[in-house]
Each structure stands twice: as C-alpha cells, then as structure tokens.
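Q: Generate coordinates for the sequence data below:
(chains A, B, C and D)
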2 protein chains.
Amino acid sequence: MTEGSKRRLKMWIRLLGVTRRAEGELREYLRLTHDTTLPRFDVMAALYRRRDGLTMGELSRMLLVSNGNATVVVDRLEKDGLARRIPSETDRRAVSVVLTPEGLAAFEAQAAGHEVEVTRLFARLSDDDVDAITDILKRAEKT
Amino acid sequence: MTEGSKRRLKMWIRLLGVTRRAEGELREYLRLTHDTTLPRFDVMAALYRRRDGLTMGELSRMLLVSNGNATVVVDRLEKDGLARRIPSETDRRAVSVVLTPEGLAAFEAQAAGHEVEVTRLFARLSDDDVDAITDILKRAEKT
DNA sequence: GTTCGAAATTTCAAACTTGAAATGAATCCG
DNA sequence: CGGATTCATTTCAAGTTTGAAATTTCGAAC
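A: Alright, predicted model coming up:
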C-alpha cells in the first residue's frame, strides 16, 4: 500500500513486540515471586484503584476482556478469598466486586515489585522518551 | 516509588491499552472477513516473510510464544492444508515449516485487509508521531 | 567411540480467552 | 399495565497459551 501504511505497520509490529516481551517478563515475575498470574493481577489492580467496587461489566470494559473471561478470573479470586462479589442493592442484575482485606494486602505486595519490574524494563528510555510515548499514544486513542 | 517509576508505569498502562484495543480490532477483522484468528495470522505472517521455512523454535522465538503453543497452531494450520512440516535433512530433531500454495494465497488475501486495518487504527497519528514511536521503542529493546 | 549435557520438538494439565447463547432483571413506550 | 428491547451476568464450547515434563537427537569432551 502507501508509504504511510508501511510505516504504521512497522510501528505496530514494534509495539506488539515490546508489549509481548514486557508481558512475558511481568508474568514471570508474578509467577516466581508471588505465585499468581497476569490476569489475576490486572483484575486486582482494577479493584485496587476503585476501592468502592466495580461491576463485572465495568471490569471487563476496563481491562478490555470479554465478559466470560472476567467471570472466571473473579471466580478464582473469590475462591482464593482475595475478592468478593456483593449484590447491588439498587439493581438485582448487577454485582459489585471488591477486594477482601487479604486481597488488598496481597495486591500491595505484588504491586511494589511490579513497579520495579516495569521501571527496569524501560530503564533504557529517557524521561522525555517516556513522556513522548505516553502523549502520542494518548492522542492515538482519543475517540 | 520515584517519579520516574510512576511515569514509566503510566506509559506501560497506556501501551498495554493501545495494544489490546488494536489486537481486538484485528482479531475481529480476521474473524469476520476471513474466518481465522490472530495467532494463525501471526504464524502465517512469519512463514510468509521467510518463504524458505522456519523451524518450530525459530517460530516461537520470533512470535514470543511458547514452544507448546507454536506446536498446536501449526498443527491446525497443517490440518487445514495451509502449512506443512518438512523434516530437516541435516538435523533429525528439527522440522521446517512452510506455507503451502493455498496458505500463501490465503495469507496474501488476509494481509491486505490487515494492513488497511492497522492504518485505520493509527490514522490519527502523524507520520512523525509514527516514526517517533518506532524509534523510541527500538531503542527500548536494544539488548 | 562413549558419555553427558544441550537442543528441538511434542505432550500434557491447567489456566486463560473469546464469542455466542441463555438467564434474569430493568426500562421504555404505546 | 404489558410487551419488547436492552442490560448485567453467567454458562458453554472451542481455541489459545503457558510452563513443565518427556522424547529424541546432536555435539563436544574425553
């Protein structure tokens, strides 16, 4: 196709590679150090940010995963006592998912190392590089 | 943590979001228009670039997936007549995976639309933005 | 040439993920 | 009100993905 297409394709390949590699390293960190997985961490991170609870729908939209996926991950967290479903008082279709105190403590332990890992993974970039990527990608997403 | 950690974390979140969204759109395109999946497309793209064949190991390293994963995806492509395993003549442990003529034709049809999709997904970025991301991420990966 | 560690692949169980269908509940509107 | 539509969630089958174990082969050091 056009010149611009080729450039964007090249960028996409690079983006995908960097993301996959970083995900792999973070997965390894979570597995070796905390015996957990990336999807579990992602769900817990979302619940941590919104301490007052999230519905299943909010959760799956926030993490960009399917409804069915959110269901099973929350199922497992609940079975392990890290999260809890609380029926909504105003809408009998909905539930509010929250971290248990155990879940909150576990997440804080995981998050500290996670942040260290992310910093290590992108240590080669200058602060300006980091901000540039953030800004450009933010612009790309503006919907 | 430090200021730099927070910045990198923010960038990582953004990177992950953009990548997931784009993957979702590309997955949808491949499913609706070509009745195939992203992992199959990825494997076929790798085989297309290296027409003379790739070993299973090269394939999994190139795509950053596990060995076991490469095995099942190639299994399915082979069952559908799109790829073929050819035993290496020099190393009886290794195989060379190649696209069949049908696989090559199918990939070319898929790739054209894929490129259009990628271009559409990143249409909001200027050419300079695109090059900036590519350059910075290339620097981030230098190992 | 034997042996031993490394390499290439497959197999396997468990977890993840999707998209579609099913269920039950809320809302809208005539 | 009553019917239809939409919404929130779960269930389900099929496919993807991982990491570890098993198998077979290679290659290098003796």
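Q: C-alpha from now on. contacts and neighbour counts both.
A: Noted.
Q: Chain A: strands as residue ranges?
A: Ranges of strands in chain A, per DSSP state E, are A:83-87, A:95-99.
Q: Is the first one in proximity to DNA strand C?
A: No - using C-alpha under 7 Å from any atom of the strand, strand A:83-87 never reaches DNA strand C; the gap is at least 10.4 Å.
Q: so what strands line up beside that strand?
A: Applying DSSP bridges to the sheet, strand A:83-87 is found paired with strand A:95-99 (antiparallel).
Q: Send me the partner strand as CSV with only the CA atoms.
A: The C-alpha coordinates for strand A:95-99 follow below in CSV (Å, rounded to 0.1, in the frame of the first residue of the first chain):
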residue,chain,number,x,y,z
VAL,A,95,-22.8,-7.3,41.4
SER,A,96,-20.1,-5.2,42.9
VAL,A,97,-16.7,-6.8,43.1
VAL,A,98,-14.4,-5.7,45.8
LEU,A,99,-11.0,-6.8,47.2
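Q: pLDDT of stretch A:13-31, averaged?
A: Mean per-residue pLDDT for stretch A:13-31: 96.
Q: repeat for stretch A:99-116
A: So the average pLDDT for stretch A:99-116 ends up being 96.
Q: Name the residues of it that are buried.
A: Of all the residues in stretch A:99-116, those buried under the rule 16 or more other C-alpha atoms under 10 Å in any protein chain shown are A:99-100, A:103-104, A:106-107, A:110-111, A:113-116.
Q: Among those, list the two that are farthest apart in space.
A: Spanning the widest gap among those are A:100 and A:116, at 24.6 Å by C-alpha to C-alpha.
Q: circling back to that earlier point, as CSV, the buried residues of stretch A:99-116 with distance to DNA strand D would be great.
A: Shown next, in CSV, are the buried residues of stretch A:99-116 (distance: C-alpha to the nearest atom of the strand, whole Å):
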residue, distance to DNA strand D
A:99, 15
A:100, 16
A:103, 18
A:104, 20
A:106, 20
A:107, 19
A:110, 16
A:111, 18
A:113, 17
A:114, 15
A:115, 18
A:116, 18
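Q: Among these, name the ones in helices.
A: Within these, residues falling in helices by DSSP state H are A:103-104, A:106-107, A:110-111, A:113-116.
Q: State the pLDDT value of residue A:1.
A: Here, the pLDDT recorded for residue A:1 equals 61.
Q: do the same with residue A:143
A: At residue A:143, the pLDDT value in this model is 63.
Q: Nearest residue to the residue nearest to the spatial centre of chain A in space, please, no chain neighbours.
A: In chain A, the centroid-proximal residue (C-alpha atoms, centre = their mean) is residue A:42; its distance is 3.5 Å. Excluding its sequence neighbours, the residue lying closest to residue A:42 (C-alpha to C-alpha, 6 or more residues apart in numbering or on different chains) is residue A:63, at 7.4 Å.
Q: That neighbour: neighbour count?
A: Other residues within reach of residue A:63, judged by other C-alpha atoms under 10 Å in any protein chain shown, total 19.
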